[in-house]
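1. show me how the following folds:
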Amino acid sequence: MSIDVKSIDEAALARWLEQNLVGFRGPLKAKKFGDGQSNPTYLIEAASGAYVLRRKPPGVLLKSAHAVDREFRVQRALVGTQVPVARMEVLCEDDSVLGTAFYVMERVDGRIFWNPALPDLTSADRAKVYDEMNKALAALHMVDPASVGLADFGRSGSYFERQFKRWTDQYRASETEVLPAMDKVIGWLSHNVPPDDGRVSIVHGDYRLDNMIFHPNEPRLLAVLDWELSTLGHPFADISYQCMQWRTDSAGIFTGLGGLDRKALGIPTEEEYVAAYCERIGVSSIPNWDFYIAFNFFRLAAIIQGVKKRALDGNGSNPERGIAMGEMVPVLAEAALALV
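-> Predicted coordinates for the structure are as follows:
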């Protein structure tokens with residue numbers, strides 16, 4: 001049975017917010033943002049102002065997925081650091097209000113860039129946007145988790161080993177067809193996980209351009225969004241995940257920078273971007289780079305497979321797009337296989 005993730009009981013939400021969010025006044029209107037494939041997100045317009053709500057999707061969900069409570073916790077913890085995040089307002093874990101857990105945050109007014117080539121910006125502004133992303137990622141990885149109350153936000157050590165097992169299990173749980181390339185990649189990764197080097201930081205888990213809000217008129221980062229996959233882990237997972245963007249086709253469903261003249265655009269090369277990040281966190285280079293890139297192609301394939309399965313089951317946030325995205329799973333698997 002298909003479940004409608006677009007509708008919200010506006011009256012029930014208004015009643016709850018009036019009791020739990022200081023300064024809130026209804027009535028309200030809720031409008032679902034069309035993009036995004038995980039936790040449905042809504043613009044809430046009320047008498048007291050505008051807010052954004054994120055909720056768990058309904059239906060049967062994979063274990064540990066869609067943890068809106070973790071999203072809320074990490075963003076609240078990062079307020080006051082050098083990592084730009086939206087202000088968290090209130091978390092509701094009572095499923096009886098809307099059917100699933102949700103949280104409300106401030107609405108950050110700004111721009112989301114969907115095309116990494118940034119065609120509407122000048123060369124200088126493109127360079128600044130990429131530097132802002134780089135700076136914020138390095139700042140995140142330099143935050144001491146214990147200093148912001150996140151010492152228990154994840155397990156320390158053996159991050160890639162644990163992540164490999166998690167995403168292999170998730171992929172198998174949502175598998176809809178046999179993909180030989182994916183099976184080969186899983187086999188290779190299982191025997192080539194680098195030794196743990198002891199690095200532990202807060203990792204975002206989905207750090208990319210379209211998960212950020214920039215100032216309406218300036219190339220200045222205002223908020224990093226979509227913290228659903230955040231945890232304590234290895235910082236090189238985030239930087240290598242973002243660098244897949246340099247290796248994906250500029251005309252594909254995941255618009256990347258492949259085939260573009262980056263120098264002419266004012267966009268750094270992958271090597272320049274990684275070098276700037278390394279300088280900011282105080283390391284000279286990143287060993288095992290090919291493993292990290294291959295791992296992230298595999299991981300993204302597993303995530304998209306889950307999106308496809310939810311869409312086929314009728315639980316997707318945007319079912320048509322979810323099924324279309326599912327066509328990228330074998331492409332991502334082949335990209336990982338080419339590296340390994």
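2. tell me how many other residues crowd the closest residue to Pro330 other than its chain neighbours.
-> Distances taken as CB to CB, 6 or more residues apart in numbering place Leu179 nearest to Pro330, at 5.4 Å, with adjacent residues excluded. For the C-beta atoms, the positions are set from N, CA and C on the backbone; glycine is no exception. Residues lying near Leu179 (other CB atoms under 10 Å) number 20.
3. hang on, Gln19 in a strand?
-> No: going by DSSP: H, G, I helix; E, B strand; the rest coil, the assignment for Gln19 is helix, not a strand.
4. that one and Gly26, how far apart?
-> Distance from Gln19 to Gly26, counting by CB to CB, to the nearest Å: 11 Å.
5. more crowded one of the two?
-> Ranked by neighbour count (other CB under 10 Å), Gln19 and Gly26 place Gly26 first, with 16 against 8.
6. backbone phi and psi for the residue nearest to Pro330, please?
-> phi -120, psi 100 (degrees, to the nearest 10).
7. which ones are touching it?
-> Val329, Pro330, Ala333 (CB atoms under 8 Å, 6 or more residues apart in numbering).
8. output these as TSV; include the columns distance to Phe164 and pLDDT.
-> Output for the contacts of Leu179, formatted as TSV (distance: CB to CB, whole Å; pLDDT from 0 to 100):
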residue	distance to Phe164	pLDDT
Val329	17	94
Pro330	20	93
Ala333	15	95
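9. how about a markdown table for the residues you listed, with secondary structure, neighbour count and distance to Val143 added?
-> Below are the contacts of Leu179 laid out as a markdown table (DSSP: H, G, I helix; E, B strand; the rest coil; neighbours: other CB atoms under 10 Å; distance: CB to CB, whole Å):
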| residue | secondary structure | neighbour count | distance to Val143 |
| --- | --- | --- | --- |
| Val329 | helix | 26 | 33 |
| Pro330 | helix | 16 | 37 |
| Ala333 | helix | 25 | 33 |
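10. just give me the closest of those residues to Met244.
-> Set against Met244, the nearest of the contacts of Leu179 by CB to CB is Ala333 (13.3 Å).
11. the closest one contacts Leu300, correct?
-> No: using CB atoms under 8 Å, Ala333 is not in contact with Leu300; the gap is 9.8 Å.
12. can you map out the strands along the protein?
-> 28-32, 41-46, 49-55, 88-92, 102-106, 201-203, 212-214, 221-224, 231-233 (DSSP state E).
13. the last one - contacts with which helices or strands?
-> I take that to be strand 231-233. strand 201-203 (3 or more CB pairs under 8 Å, 6 or more residues apart in numbering; DSSP states H and E).
14. what strands flank the strand it packs on, and is each parallel or antiparallel?
-> strand 231-233 (antiparallel) (DSSP bridges).
15. for the partner strand, give the mean pLDDT please.
-> Averaged across strand 231-233, the pLDDT comes to 95.
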